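K.L.:
pasting the structure only:
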């Protein structure tokens, strides 16, 4: 099964859409950590949503979707680049997570939480939007709420995740005349009939035909997706430099080196005293990892 993203438009309606299916990309993320079962599905759902939203935005750079909370799930992050690469990671409380079954919503897992979207363009300043979460909200509902209230774009998502496959569909209403509101509602009603097994088991085009074959849906050439991590020694060095020098020196004095593990891919980086001296005398880029 291919990891694929397919865009579609309706010739007679101001509505655009995307469908995604993730197989190897999603499995690569799951293989990096021993995630609890309840988190595996939430990670897959956010990965599918990230791929869909990034495709809708059509910009050169990185989309970062981040959910933070104070409950069993503390952090869930998905990054999607304009080159159609994805990576994801999560942090959780091992004791608290055991109290939830696989049907628990992401909002329940996070407790008091918030959702952030960052658009980090290759050129120019980054943009960030933040919204709170309501009790019981799913990944799809959280993103729909963000798009409607923060971006003023009517957006609907349908997400599914099971047996190492994550999939989803997104519809978004484009600016139109008021008399076309019924068309949007009609297409959403049809999309609401989609079953999780259709998203997961069928090819995207087959699902689209089943749903919209009477509504002139035009499907574009598919795009491939893959897992890739953007970590590097330079970026990790930039992360270390965000710390005060005396804090790093304390780690060196205690352990003889600074050891960093990338949260996304698990790659390890070691900096000895000479490396640290060079680091603080020069300039490095920023990164994301866990200091050990």
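P.N.:
Arrived safely, thanks for sending. Please read all numbers here as calculations on a predicted model, not as lab measurements.
K.L.:
quick check on the residue nearest to residue 97 when sequence neighbours are not counted: phi, psi?
P.N.:
Residue nearest to residue 97 in three dimensions, not counting chain neighbours: residue 72, with 4.3 Å by CB to CB, 6 or more residues apart in numbering. C-beta coordinates here come from the backbone N, C-alpha and C atoms, glycine included. Backbone torsions for residue 72, taken as degrees, to the nearest 10, come to phi -60, psi -40.
K.L.:
ok, residue 72 touching residue 91?
P.N.:
No. Residue 72 lies out of contact with residue 91 (CB atoms under 8 Å); the separation is 10.6 Å.
K.L.:
neighbour-wise, which of these two wins?
P.N.:
residue 72 (22 against 14; other CB atoms under 10 Å).
K.L.:
so what's the residue nearest to residue 126 when sequence neighbours are not counted up against?
P.N.:
Nearest non-adjacent residue to residue 126, counting by CB to CB, 6+ apart: residue 120, 4.5 Å away. The contact partners of residue 120, by CB atoms under 8 Å, 6 or more residues apart in numbering, come to 61, 62, 63, 64, 126.
K.L.:
again with residue 212
P.N.:
Residue 212 touches 8, 10, 187, 190, counting by CB under 8 Å, 6+ apart.
K.L.:
just the pLDDT for it.
P.N.:
pLDDT for residue 212: 95.
K.L.:
could you check how far the residue located most distally from the centre of the chain is from residue 270?
P.N.:
Distance from the centre of the chain peaks at residue 253, with 38.1 Å (CA atoms, centre = their mean). Per CB to CB, to the nearest Å, residue 253 is found 16 Å from residue 270.
K.L.:
just residue 149 next, same as before
P.N.:
Separation of residue 149 from residue 270 (CB to CB): 45 Å.
K.L.:
name whatever forms a beta bridge with the closest residue to residue 28 other than its chain neighbours.
P.N.:
Counting by CB to CB, 6+ apart, residue 227 is the residue found nearest to residue 28 once chain neighbours are left out, at 3.7 Å. Using DSSP bridges, the bridge partners assigned to residue 227 are residue 86.
K.L.:
pull the number of nearby residues for residue 227.
P.N.:
Counted with other CB under 10 Å, residue 227 comes out at 21.
K.L.:
one more: residue 86?
P.N.:
26.
K.L.:
show me the shaky parts of the stretch 51-200 of the chain.
P.N.:
Scanning the stretch 51-200 of the chain for pLDDT under 70 picks out 177-180.
K.L.:
one more time with 80
P.N.:
Applying pLDDT under 80 to the stretch 51-200 of the chain flags the ranges 135, 176-181.
K.L.:
and the strands in it?
P.N.:
Using DSSP state E, counting those that start in this stretch, the strands of the stretch 51-200 of the chain run over 61-69, 73-81, 85-92, 113-121, 127-132, 155-162, 165-173.
K.L.:
domain parsing for the protein?
P.N.:
If you go by the TED database, the domain ranges for the chain are 4-227, 233-282.
K.L.:
how far off centre is the shortest one?
P.N.:
Taking CA atoms, centre = their mean, to the nearest Å, one finds domain 233-282 lying 27 Å from the centre of the chain it belongs to.
K.L.:
quick one: mean pLDDT over that domain.
P.N.:
Rounded mean pLDDT across domain 233-282 is 92.
K.L.:
was I right to think residue 154 contacts residue 187?
P.N.:
No. Using CB under 8 Å as the test, residue 154 is too far from residue 187 to be in contact (11.0 Å).
K.L.:
look at these two and report which has more neighbours.
P.N.:
residue 187 (21 against 16).
K.L.:
how far away is the more buried one from residue 13?
P.N.:
6 Å.
K.L.:
could you pull out the residues contacting both of those two?
P.N.:
Joint contacts of residue 187 and residue 13 (CB under 8 Å, 6+ apart) are residue 215.
K.L.:
as CSV, the contacts of residue 120 with neighbour count and distance to residue 247 would be great.
P.N.:
Converted to CSV, the contacts of residue 120 look like this (neighbours: other CB atoms under 10 Å; distance: CB to CB, whole Å):
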residue, neighbour count, distance to residue 247
61, 19, 31
62, 20, 28
63, 22, 32
64, 18, 26
126, 11, 26
